[in-house]
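> next comes the sequence, and after it the predicted model I'd like to discuss.
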Amino acid sequence: MAGITVEKLRHQGAVSLETGKNSTWIAFSGKLFNAPALRELLKETKIQDFRDDGELIFALYQELGAGLLSHLDGVYAFALYDEKHG
């Protein structure tokens with residue numbers, strides 16, 4: 001995940017993130033109940049400073065792809081668009 005720049009826009013509790021290369025975007029709102037366990041899962045990655053659950057999901061996608069869905073526990077909604085992979 002080297003070289004990822006996160007730009008953040010907040011509006012009414014939602015978060016929107018994108019890579020600096022403008023190839024992946026996520027819009028997220030909600031709460032992950034297992035965020036501490038997910039942070040531990042990503043402990044070995046280059047990005048470890050997650051300010052919120054949206055950034056955590058974004059990093060999980062960068063590491064696991066669509067496989068991230070089996071790791072999420074919470075009340076949330078997100079839309080993710082990956083220009084590179086459609």
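Cool, got the structure.
> ok, now how distant is the residue nearest to L68 when sequence neighbours are not counted from H85?
Once flanking residues are discounted, L68 sits nearest to L60: 4.0 Å by Cβ to Cβ, 6 or more residues apart in numbering. C-beta here means a position set from N, CA and C on the backbone, and glycine is covered the same way. For L60, the distance to H85 (Cβ to Cβ, to the nearest Å) stands at 15 Å.
> what about the two, which has more around it?
Using other Cβ atoms under 10 Å as the criterion, L60 and H85 rank with L60 on top: 21 against 9.
> how about that one, secondary structure?
On the three-state scheme (DSSP: H, G, I helix; E, B strand; the rest coil), L60 is labelled helix.
> mind listing the helices in the chain by residue range?
With helices called from DSSP state H, the chain shows them at 35-41, 53-64.
> TSV please, covering these and showing mean pLDDT and distance to T24.
Output for the helices of the chain, formatted as TSV (pLDDT from 0 to 100; distance: least, Cβ to Cβ, whole Å):
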stretch	mean pLDDT	distance to T24
helix 35-41	91	18
helix 53-64	89	7
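> just the strands in this protein please.
7-11, 14-18, 24-32, 74-82 (DSSP state E).
> worst average pLDDT in the ones you listed?
Lowest mean pLDDT within those: strand 7-11, at a mean of 47.
> is it correct that the residue nearest to L68 is in contact with R39?
No: with contact defined as Cβ atoms under 8 Å, L60 does not reach R39; the gap is 10.0 Å.
> list the buried ones in stretch 77-86?
F78 (16 or more other Cβ atoms under 10 Å).
> now swap in stretch 29-49 and tell me
The neighbour-count check on stretch 29-49 (16+ other Cβ under 10 Å) flags 29-30, 32, 35, 38, 41-42, 47 as buried.
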